[in-house]
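> Here is the input, now give the coordinates:
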Amino acid sequence: QVQLVESGGGLVQPGGSLRLSCAASGFTFSTYAMSWVRQAPGKGLEWVSGINNLVGSTSSADSVKGQITISRDNAKNTLYLQMKSLTAEDTAVYYCAKDRAWTSSYGMDYWGKGTLVTVSS
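The predicted structure is shown next:
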């Protein structure tokens with residue numbers, strides 16, 4: 001079965017950086033686009049970034065452009081999210097999601113359990 005396990009969250013000071021990872025299993029990772037979605041306390045889900053199945057084609061929400069870099073290692077079945085210049089507004093649970101197709105245009109069908117990122121001094 002599809003499994004997505006996020007890691008790398010934690011407490012970080014404002015202005016700091018963090019790299020999240022998502023280990024995928026149970027499907028052919030290189031066939032599908034992958035996405036990161038986040039949910040801030042008391043708010044709804046927000047799509048953060050997506051990457052097509054082949055490395056190089058990415059997209060991000062306007063709210064995080066220039067602040068995050070999504071990447072993937074198809075040999076390791078792992079998705080990454082590098083974040084920098086973090087602020088309190090980035091505090092959220094970050095979820096890794098498998099997209100329905102090779103591109104992020106068709107929505108997501110599986111999510112991990114999430115990893116909490118807390119930005120605070």
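> Now do the contacts for residue 101.
Residues counted as contacts of residue 101 (CB atoms under 8 Å, 6 or more residues apart in numbering) are 32-33. (C-beta placed from N, C-alpha, C; glycine too.)
> ranges for the strands of the chain?
Per DSSP state E, the chain carries strands over the ranges 3-7, 10-12, 18-25, 34-39, 45-51, 58-60, 68-73, 78-83, 92-99, 108-111, 115-119.
> Provide the strand pairings for the fifth one, with the direction of each partner.
This points to strand 45-51. Sheet pairing for strand 45-51, assigned by DSSP bridges, gives strand 34-39 (antiparallel), strand 58-60 (antiparallel).
> returning to what we had before: so can I have JSON lines of the strands of the chain showing mean neighbour count and mean pLDDT?
As requested, these are exported to JSON lines (neighbours: other CB atoms under 10 Å; pLDDT from 0 to 100):
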{"stretch": "strand 3-7", "mean neighbour count": "17", "mean pLDDT": "98"}
{"stretch": "strand 10-12", "mean neighbour count": "14", "mean pLDDT": "97"}
{"stretch": "strand 18-25", "mean neighbour count": "19", "mean pLDDT": "98"}
{"stretch": "strand 34-39", "mean neighbour count": "22", "mean pLDDT": "98"}
{"stretch": "strand 45-51", "mean neighbour count": "20", "mean pLDDT": "96"}
{"stretch": "strand 58-60", "mean neighbour count": "17", "mean pLDDT": "93"}
{"stretch": "strand 68-73", "mean neighbour count": "18", "mean pLDDT": "95"}
{"stretch": "strand 78-83", "mean neighbour count": "22", "mean pLDDT": "98"}
{"stretch": "strand 92-99", "mean neighbour count": "23", "mean pLDDT": "98"}
{"stretch": "strand 108-111", "mean neighbour count": "16", "mean pLDDT": "96"}
{"stretch": "strand 115-119", "mean neighbour count": "18", "mean pLDDT": "98"}
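> Among the strands paired with strand 45-51, which comes closest to residue 87?
For residue 87, the closest of the strands paired with strand 45-51 is strand 34-39, at 13.2 Å, according to CB to CB.
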